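> attaching a predicted model along with its sequence, questions to come.
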Amino acid sequence: SSFLISFLYGLYFAKNDIRKEDSCILVEGYTDVISLHQAGIKNVVASSGTSLTDDQIRLIKRYTQNVTVIYDGDAAGIHAAQRGTDLILAMDMFVKVVILPEQHDPDSFIKKEGPNAFRTYLRDKAQDFILFKSYFLKKEINQDPVRKVAVLKDIVQTLSKIPDPMARNTYVKESSNIMDIDEAILINEVNKVIKNEIRQKRFRESLRDGEPVAQEGNFDMPDSQPVHEQSDFTNKADESMERGLISLLINFGNTLYDEKSQITVAQIVVSGCAELLGYFTNQVYASIFREVIHKTSAGEVTDQKYFTNHPDEPIRQLAIDLLNSPYVYAGWQNKGMELQTQRMPDQNFKNEADQLIIRINNRKLTMMIEENMKKLDKLDPEDPEYLISLKLHAKMIEQKKELANLIDKVIG
């Protein structure tokens, strides 16, 4: 099992370029991210080979509202372009689609045609997603008129996801012209779907016995990564987990996590945990991790020799200790599970990295929940901030349950 389902591969390295370009390129695999990055196209992330999720889209929205989704040029790629993109529209974002020539993915296209040709292709071939879909579905109707009802339902579902009424009306008009469907019929069908979704939402809320619906949002650390107070949550289990992560980075950081894509253990750990630096309890471990983040971001290597010759005495001594006794219990024995603590064969450090990233993310959420609970205790229930914090609490509890399920899958 792998944890690579709820984060975007390459986001930590791409976020500054996404902000600068005010656009995010979304590809399917991490090999594509690496190829594009090497070609100088750096505002790119991958959904790690999984279906796009709400949480992944929220992460992108932190940095831009503009997404260009690149798909392979085969029939499967064209159909894939129509899945998951509705979720992006529902977040009130702007989506373009680029379909590559047949038999090509981003990696193969760049290798054959070169970076400049790829940039030109992106610029010339990017299409508004809804207009692309309307033209695509129009072809389906022409090829098979019997499918007109199913096709109508398909475009109606997509149009209903657009939150902004003015934008929605504009697209309804465009789609009705392209697909030769009466605009009044399309408006009526879209309104039916929207009303039905509102009813379903209210029904779900009523089943919660008064518990407010979770607020949308992502809970990643801000770029400044403040240090959070640990209070009673600081314990040996936290520090052991951090020690396990640092041990993994010192002993295996420069080892390939994935040979095909040439991704190292350090790169995968930084992608999964860099935003959590402010939650570290041990400042020596935090210093080491901060250094790994900066060096990895700069494309530099932090191997065993680097740490055992480090000018900082506490870091140097820790590295020597961890090389002599590299694996430590990570503090979850109370669940009847232990991280691989013996000297690991090569095939185990992938699972080790996955487990650590999931568990450290899980700990971050626990700490955020505790911080939020303290805030709730101090707020007046009449204060508007109280409801916001209550909604945030509900969302974090929901995410915690999802992480618990993920832990079970990875351990299992």
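Structure's in. What do you need?

> so, low pLDDT: which residues of the stretch 251-400 of the chain?
324-348 (pLDDT under 70).

> change it to 80
Per-residue confidence for the stretch 251-400 of the chain (pLDDT under 80) gives these ranges: 258-262, 271-272, 274-279, 297-299, 324-352, 364, 381-384, 399.

> mind listing the strands for it?
256-258, 263-264 (DSSP state E, counting those that start in this stretch).

> quick one: the strands in the stretch 51-200 of the chain, in order.
Under DSSP E, counting those that start in this stretch, the stretch 51-200 of the chain gives strands at 66-71, 94-99, 127-128.

> tell me the strands beside the shortest one, with direction?
Strands adjacent to strand 127-128 in the sheet, as given by DSSP bridges, are strand 94-99 (antiparallel).

> report how many residues lie close to the nearest residue to Phe280 once chain neighbours are set aside.
Closest residue to Phe280 in three dimensions, ignoring its sequence neighbours and counting by C-beta to C-beta, 6 or more residues apart in numbering: Ala286, at 3.8 Å. Where you see a C-beta, it was placed from the backbone N, CA and C, and this is true even at glycine. Ala286 is flanked by 18 other residues according to other C-beta atoms under 10 Å.

> do Tyr63 as well
Neighbours of Tyr63 using other C-beta under 10 Å come to 21.

> quick one: the closest residue in space to it that isn't next to it in sequence from Ser271, how far?
Distances taken as C-beta to C-beta, 6+ apart place Ile18 nearest to Tyr63, at 4.3 Å, with adjacent residues excluded. Going from Ile18 to Ser271 by C-beta to C-beta, to the nearest Å gives 14 Å.

> likewise for Thr255?
For Thr255, the distance to Ser271 - C-beta to C-beta - is 16 Å.

> of the two, which one has the most company?
More crowded of Thr255 and Ser271, by other C-beta under 10 Å: Ser271, with 24 against 15.

> just to revisit the earlier point, just name the most buried of the strands of the stretch 251-400 of the chain.
strand 263-264 (a mean of 19; mean count of other C-beta atoms under 10 Å).

> number of nearby residues for Glu102?
Other residues close to Glu102 by other C-beta under 10 Å number 11.

> for it, phi and psi?
Here is the backbone geometry of Glu102 (degrees, to the nearest 10): phi -50, psi 150.

> break the protein down into its domains, please.
Annotated domains of the chain cover 1-125, 231-411 [automatic domain parsing].

> before we move on, the earlier item: just the strands of the stretch 51-200 of the chain: most buried one?
Burial of the strands of the stretch 51-200 of the chain is given as mean neighbour count (mean count of other C-beta under 10 Å); strand 66-71 ranks first at a mean of 22.

> contacts for that one?
The contact list for strand 66-71 (C-beta atoms under 8 Å, 6 or more residues apart in numbering) reads 22-28, 32, 60, 77-78, 80-81, 85, 88, 93-100, 106, 122, 126, 129.

> how about a cut-off of 6 Å?
Strand 66-71 is contacted from outside by 22-27, 77, 80-81, 88, 93-99, 106, 126, using C-beta atoms under 6 Å, 6 or more residues apart in numbering.

> quick one: distance of the longest helix along the chain to the chain centre.
Counting by DSSP state H, the longest helix found in the chain is helix 349-378. Chain-centre distance of helix 349-378: 16 Å, with C-alpha atoms, centre = their mean, to the nearest Å.

> for Phe349, which of the strands of the stretch 51-200 of the chain is the nearest?
Phe349 lies closest, by C-beta to C-beta, to one member of the strands of the stretch 51-200 of the chain: strand 66-71, at 31.1 Å.

> direction included, what does the closest one pair against?
When DSSP bridges is applied, strand 66-71 pairs with strand 24-27 (parallel), strand 94-99 (parallel).

> what mean pLDDT does it have?
Average pLDDT, strand 66-71: 90.

> only C-alpha atoms, please: export that strand in PDB.
These are the backbone C-alpha positions of strand 66-71, laid out as PDB (Å, rounded to 0.1, in the frame of the first residue of the first chain):
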ATOM      1  CA  ASN A  66      -6.400  28.500 -12.900                       C
ATOM      2  CA  VAL A  67      -5.800  24.800 -13.800                       C
ATOM      3  CA  THR A  68      -4.600  23.300 -17.000                       C
ATOM      4  CA  VAL A  69      -5.100  19.500 -17.100                       C
ATOM      5  CA  ILE A  70      -2.900  17.500 -19.500                       C
ATOM      6  CA  TYR A  71      -4.100  14.200 -20.700                       C
END
